[in-house]
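[1] Sequence unavailable; structure follows:
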């Protein structure tokens, strides 16, 4: 396989960092993303030393701030003449309700809207680099959502941490399916995945510090598979869970739910049309 240029959001920690290391060891050009400049520089140096790669770059953006998402896309476009794979890996679990700029609840802002907006802003570069892939990190948690209280979105004034997280993951899968239909015939594919129950900062926020979950490398292998494997390259609009392609929940598979999340993304990011 020709060496790829791959952006992994949220790659200064957890699964994203492990995925960046795997991809770097394979010789690909990996674009790291983080929110904290000091931490990001430390991870960049660490991965360069660990992998021997001179094809790592670092980009800084707070994904809860839509202007910074746009800046990230512009900086990637200025730095790279191609983008073969976009891995929307960044995610949060907020034990307490916090509000991002614009009045949007933080979980929804980061887990759903930032990936929606970043994908839109980078789509031209991806289309120029075809065949290209979009990989959206979801979660098996989406299966716990029986229905969406649309009136509670996007501010989640009635807040439950797990519910907010799970709903955002329904959104990831719904968006991926709707995006895949829009991408038919472009040479760009979009798929989503559950990386497994992995020992990350996000999981520890949910289980209050208990020592549970598989090592990040296990989840990173799933991301790398969807990003690079020839088999995954033939799939568009799929959902990968527990080492196989499978059907997500009936809610996430519902075209009306997919359209509702899509329209909400357009409205809340100001894109208007896609």
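    Cool, got the structure. Since the structure is predicted, the reported quantities are computational estimates derived from the model, not experimental observations.
[2] neighbours around residue 21, how many?
    Here the number of neighbours of residue 21 (other Cβ atoms under 10 Å) works out to 23. For glycine as for every other residue, the C-beta is placed from the backbone atoms N, C-alpha and C.
[3] Just list whatever residues bridge to residue 7.
    Residue 7 has these beta-bridge partners by DSSP bridges: residue 31, residue 86.
[4] Distance-wise, check it relative to residue 188.
    Noted for residue 7: a distance of 14 Å to residue 188, by Cβ to Cβ, to the nearest Å.
[5] More neighbours: these two, which one.
    residue 7 (28 against 23).
[6] any idea how far residue 139 is from residue 192?
    On the measure of Cβ to Cβ, residue 192 and residue 139 end up 9 Å apart.
[7] So which residues of this protein form strands?
    All strands of the chain, identified by DSSP state E, fall at 5-8, 29-34, 56-60, 85-88, 99-100, 104-105, 132-137, 188-193, 239-241, 244-246.
[8] nearest to residue 74, of the ones you listed?
    strand 56-60 (10.3 Å; Cβ to Cβ).
[9] what distance separates the closest one from the centre of its chain?
    For strand 56-60, the separation from the chain centroid amounts to 16 Å (computed by Cα atoms, centre = their mean, to the nearest Å).
[10] other SSEs contacting that strand?
    strand 29-34, helix 37-51, helix 66-79 (3 or more Cβ pairs under 8 Å, 6 or more residues apart in numbering; DSSP states H and E).
[11] And the pLDDT for the nearest residue to residue 132 once chain neighbours are set aside?
    Distance criterion Cβ to Cβ, 6 or more residues apart in numbering; nearest residue to residue 132, sequence neighbours excluded, is residue 126 at 4.2 Å. On the pLDDT scale, residue 126 is placed at 98.
[12] before we move on, what about residue 88?
    Reading off the model, residue 88 has pLDDT 98.
[13] Can you tell me the closest non-neighbouring residue to residue 41?
    That would be residue 58: by Cβ to Cβ, 6+ apart, it lies 6.7 Å from residue 41.
[14] intersection of neighbour lists for residue 192 and residue 139?
    Applying Cβ atoms under 8 Å, 6 or more residues apart in numbering, one finds that residue 192 and residue 139 are jointly contacted by residue 172.
[15] and the gap between the residue nearest to the spatial centre of the chain and residue 151?
    Nearest to the mean C-alpha position of the chain, by Cα atoms, centre = their mean, lies residue 88 at 2.1 Å. For residue 88, the distance to residue 151 (Cβ to Cβ) stands at 26 Å.
[16] all helices of the stretch 101-250 of the chain, in order?
    All helices of the stretch 101-250 of the chain, identified by DSSP state H, counting those that start in this stretch, fall at 106-108, 114-128, 161-183, 201-206, 216-228, 230-233, 250-253.
[17] Looking at those helices, spot the one closest to residue 72.
    helix 114-128 (6.6 Å).
[18] Relative to the whole chain's centre, how far out is the closest one?
    12 Å.
[19] what angle sits between it and strand 132-137?
    Here the directions of helix 114-128 and strand 132-137 differ by 160 degrees (axes from the mean of the first three to the mean of the last three Cα atoms, to 10 degrees).
[20] Just the residues contacting helix 114-128, thanks.
    7, 9, 63-64, 66, 69-70, 72-74, 76-77, 80, 82-84, 86, 88, 90, 132, 134, 136, 172, 175, 179, 186-188, 190, 265, 269, 271, 274.
[21] residues of that helix that come out buried?
    114, 115, 116, 117, 118, 119, 120, 121, 122, 123, 125, 126 (16 or more other Cβ atoms under 10 Å).
[22] Let me know the closest of the residues you listed to residue 242.
    residue 115 (22.2 Å).
[23] On the pLDDT front, check that closest one for me.
    In this prediction residue 115 is given a pLDDT of 98.
[24] Then residue 197?
    72.
[25] just residue 234 next, same as before
    Reported pLDDT for residue 234: 97.
[26] Residue 91 now?
    96.
[27] Distance check, it against residue 107.
    From residue 91 to residue 107 the distance is 8 Å (Cβ to Cβ).
[28] residues shared between the contacts of those two?
    Joint contacts of residue 91 and residue 107 (Cβ under 8 Å, 6+ apart) are residue 168.
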